[in-house]
Each structure stands twice: as C-alpha cells, then as structure tokens.
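**Student:** Quick one: sequence plus predicted model below, questions after.
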Amino acid sequence: MASPPDMSKTTTGKLERYNSYIRRLNHTKFLSASSKLLFRLTLLAALILIFFFTLNYPPLSDNSHHVLHHHNFLSSTFYGGGAAWEKKVRHSSTPRRPNGFSVLVTGAGGFVGSHCALALKKRGDGVLGLDNFNSYYDPSLKRARQALLAQHQIFIVEADLNDAHLLTKLFDVVPFTHILHLAAQAGVRYAMKNPQSYVNSNIAGFINLLEIAKATNPQPSIVWASSSSVYGLNTQNPFSESHGTDQPASLYAATKKAGEEIAHTYNHIYGLSITGLRFFTVYGPWGRPDMAYFFFTKDILQGKPITIYQTADDKEVARDFTYIDDIVRGCIGALDTAEKSTGSGGKKKAPAQLRIYNLGNTSPVSVGKLVSIIENLLNVKAKKHVIKMPRNGDVPYTHANVSLAYKDFGYKPTTDLASGLRKFVKWYIGYYGIESKVKKENDSSDD
Ligand SMILES: O=C(O)[C@H]1O[C@H](OP(=O)(O)OP(=O)(O)OC[C@H]2O[C@@H](n3ccc(=O)[nH]c3=O)[C@H](O)[C@@H]2O)[C@H](O)[C@@H](O)[C@@H]1O
C-alpha cells in the first residue's frame, strides 16, 4: 500500500514559501520606504543649500543697495571665524587716544597704505587694513609689510574692494570715522597690458566702497589717492589744481580722473565728505618694485642694463619724486582737516566738503640724475641704455605746486631726492640681505 503523502512536510513547505514571500514583500517595502526617505532627505538638503546661497550671494543683476540690506546670520562665519574675527577687527580699529579716529585703510598691504597705517596707529588712532594681496608685484613684500603692521596691532582683512558683502559686514562691526582709500591698480605702463584691472580696482572698486560708505550711518569722511598723472598732456608748469585735467595720457590716469569725477557725484548726491590727493611719484623704504627707482637699484646691483627714456626732442624726462614720509604727513593733514560727511543712511542733509590737493616735492629731477644718485649710493656704475620714450602712457615732466595743501593743512615737503634715496637704499640692502661695500658706505654715512 502506498504510504499516504506526508502532510506535515507539505504543510511545512507551504509555510516556508509563504514566509519567504512575506519576507521578500517586507524587504521590497523597506527598500522603497528607505529610498523614499533618501530622496526626501536629498531634496531637503538641496532646498537648505539653495536657501543659504540665495541668502548669502546676491543675484548677478543685483545692485549693492540691495546687498546692503542683506544682513544674515552666516556672514560672521564666512569672514574668518565669527566672534574671534570680529574681536580682531574691533581691537585693531579702536582708537587709543581721546577723540581718536577709527580709520579703514584700504591697500594697507601696499607701499603708501602700510606707512600711513603705522603712522596713524602710532599716534593713537584705530586702524583696520584691507588688502587683496594681488600679485601685480611680489606679494611676499606685501606679506612682509603685513607682518610689520601686525607687530603694531594692525589687522589687515584680506579681501577685494568689490566684495560688497564683506565691506558691509566691516561697517556693521565698526563705526569708522574715516576711510583712507589707497587700494588701487597702480602703474602707468601696465595699463596697456591689463586695462581691465584698472577698471576693476580704480573704478568698480571705488564705486563699491562709496556705495557702502554713503549708506552707512554715520557716514565716514573719505580721503583717497588720486595721481599726478591726471595732468596728462597739460603743459602749464608747475601743475596746479586749477589746471585742466581732461587730457589723460594713459588709461591709468583716465581711471584716476574718473575717480575724481565719481567722488564729485557721491559728494553731490549723498553728502559724503571726500578729499582726493594727487600723489607725485612717491618713493622710499618698503616701496613698490614696479617703480623705476626700485628696479633700477635691483638691476644695477645685478649688473643688468637699465633703460632711460628721453623725450621725442631728446630732452630729459623728469619727475617730481616725493618721499614717502612727506606723503604720509600730507595724508594725515588731509584726514585731520576733513569735515564730517553730512548724509546718513543714503540721504544728503547738507552740502559736504569736496577737495583735491597736489602732494608733490615741488622740485623735479631728471631720470638721468635719479640714476646717478643711485649709482653713487650703490658704488656701482649702471649700464645705461637711453631710448626715446615709447608711446606707453608716460608723460615727459611732472612738477607740483603744493600751495593749496600748504594753506589748508601746512603740507611742506622736507626730503630731497638724494636724502630720500639714501634711506631707500639702506632699507633695500637690509631687506634683501645684500652684503657689500654698499652697506659699509651707507652705514658709515647715514643717520
Ligand atoms: O605720480 C604719479 O602719478 C605716478 O607715479 C608713478 O608713475 P611714474 O611717475 O611713471 O613712476 P615710474 O614708473 O617709477 O617712472 C619714473 C620715471 O622713470 C621713467 N622710466 C621708467 C621706466 C624705465 O624703464 N625707464 C624710465 O626712464 C619714466 O618715464 C618716469 O619718468 C607711479 O607708478 C604711479 O602709480 C603714480 O600714480
């Protein structure tokens, strides 16, 4: 007899198949539930990111007025570490003398900026620096100036003038009384190589700074660096502020001239107190390596030939070379006599001060003479290559009349080119560690 089918085995088998079916079903459900969860989480994260970015980066078409009202809780962490960063900013910009200024010095890593920042700090003003440390010339020199300023408790915020967000943040943290605006794309001849950099810094950057300043309450007073180059093809001598400046010879000069007109507009509409200073070929220790006196020194020491320009009619090219300490005194004189801005929160309340001054040495020296002074200081003969001045934006001659600056804040240059260059050469050989007879000679004869 056939044995009856094993019902227990059949039942167990069915049960197992059923259980495994249920397990598969649950697994599938679980998978679909977790992928839904994953999808939702991704969506949420994307939305959060979009929200933060919208909050922190204005659309391209936005204007900075809009940016001004864009305060948010993230900005302090974006700019260097929140509370600690703000503390450094405050500490650096707090004055240490009664009625001291709180000055934002743009271009504080630069030649004139670093000297002015130190001078202001030494007399008890609060100073905060701003610099983008670009590589137009050797950034390590800018970093060395930054280190020097840090020794004197001056903090330089590393940012571009066009960063409206950061500038707004700075003015939120510090009620600056003054801006000493020295950040710029400098250099006459480089404007033919990189014209856009002049537009970015000297026009767009300046406007950005003025936009922030005009909307602040109280508005700061502004002193800024224009240039002797605005006199361009002017032939009246010495150059006076009443002479025409509508024939710039270089794009650099044109952007500085544009700055003067832009200053007029912001003064007129918003009541900003603005003083422009036309610097005449500033030189000295910690100077700019792109300037002739600086690279002539370097090239002469390295035995390389230097090129000296002459005018088309074989005349010597000359400059009213001005020593840095005189320029610093001029900048401080301008700051000390700057009246308060009259507007607040973007509205003008009354007419405000608008000034332009020459800051020069009043005593032009030919480039040939400049070279012979350097040769004497270095005790090395230059390999001179004299050529006609290429059409590069240079003008043949500059000479400042400074009677206006003298009248208004006692500006009086005191350093002749030979004394100023002696100080420069002494710094140069020390900074670059050049050991030679140059050093011995300078050590024995310098102050
Ligand atoms: O005072 C000013 O407004 C300007 O002064 C300088 O411009 P510049 O006077 O041209 O100074 P350098 O570039 O140092 O040239 C000094 C002189 O040396 C001449 N030079 C320059 C270079 C060279 O290879 N050979 C030469 O003979 C120039 O033609 C000029 O006469 C600065 O570079 C500008 O930023 C500033 O705005």
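**Tutor:** That came through fine. Residues are numbered from 1 along each chain as shown.
**Student:** Using CSV, write out every CA atom in the helix or strand residue 168 falls within.
**Tutor:** Here residue 168, judged by DSSP states H and E, is contained in helix 164-173. Coordinates of each C-alpha in helix 164-173 appear next as CSV, following Å, rounded to 0.1, in the frame of the first residue of the first chain:
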residue,chain,number,x,y,z
ALA,A,164,30.3,94.4,-1.0
HIS,A,165,29.2,91.8,1.4
LEU,A,166,32.4,91.9,3.4
LEU,A,167,32.6,95.7,3.4
THR,A,168,29.0,95.9,4.7
LYS,A,169,30.0,93.5,7.4
LEU,A,170,33.0,95.6,8.4
PHE,A,171,30.8,98.7,8.7
ASP,A,172,28.4,96.7,10.8
VAL,A,173,31.1,95.8,13.2
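**Student:** Would you indicate which residues of it are buried?
**Tutor:** The neighbour-count check on helix 164-173 (16 or more other Cβ atoms under 10 Å) flags 164, 165, 166, 167, 168, 169, 170, 171, 173 as buried. Any C-beta I mention is one placed from the backbone N, CA and C, and that applies to glycine too.
**Student:** The first one contacts residue 215, doesn't it?
**Tutor:** Put plainly, it is residue 164. No - counting by Cβ atoms under 8 Å, residue 164 stays clear of residue 215, with 10.3 Å between them.
**Student:** Let me know the average pLDDT across the helix holding residue 168.
**Tutor:** In this model, helix 164-173 has an average pLDDT of 96.
**Student:** just stretch 190-200 next, same as before
**Tutor:** Mean pLDDT, stretch 190-200: 98.
**Student:** That stretch and the ligand, are they touching?
**Tutor:** No - figure legend: stretch 190-200 not in contact with the ligand (Cβ under 6 Å from any ligand atom); closest approach 8.7 Å.
**Student:** End to end on that stretch, go ahead and measure it.
**Tutor:** This stretch, stretch 190-200, spans 14 Å end to end (Cα to Cα, to the nearest Å).
**Student:** and stretch 112-123, how far from the chain's centre?
**Tutor:** How far stretch 112-123 lies from its chain's middle: 15 Å, per Cα atoms, centre = their mean, to the nearest Å.
**Student:** got the contact list for it?
**Tutor:** Here stretch 112-123 makes contact (Cβ atoms under 8 Å, 6 or more residues apart in numbering) with 97, 101, 103, 105-108, 127, 129, 131, 145-146, 148-149, 152-154, 180, 182-183, 225, 279, 282, 284, 286, 324-325, 327-328, 331-332, 335.
**Student:** Please apply the same query to stretch 207-215.
**Tutor:** For stretch 207-215, contacts defined as Cβ under 8 Å, 6+ apart pick out 64-65, 68, 106, 161-164, 167-168, 171, 179, 181, 219-220, 222, 262-263, 266, 269-270, 272, 341, 343, 345-346.
**Student:** Report the backbone C-alpha coordinates of it in CSV.
**Tutor:** Only the C-alpha atoms of stretch 207-215 are listed here, as CSV (Å, rounded to 0.1, in the frame of the first residue of the first chain):
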residue,chain,number,x,y,z
ILE,A,207,32.3,102.9,-6.5
ASN,A,208,31.6,99.8,-4.4
LEU,A,209,33.4,101.4,-1.4
LEU,A,210,31.5,104.7,-1.9
GLU,A,211,28.2,102.8,-2.1
ILE,A,212,28.8,101.2,1.3
ALA,A,213,30.1,104.5,2.8
LYS,A,214,27.1,106.5,1.6
ALA,A,215,24.6,104.0,3.1
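**Student:** could you flag which of the contacts of stretch 207-215 are buried?
**Tutor:** 64, 68, 106, 161-164, 167-168, 171, 179, 181, 219-220, 222, 262-263, 266, 270, 272, 341, 343, 346.
**Student:** mean confidence for the one helix or strand residue 264 maps to?
**Tutor:** Take DSSP H and E as the rule and residue 264 turns out to sit in helix 251-270. Taken as a whole, helix 251-270 has a mean pLDDT of 98.
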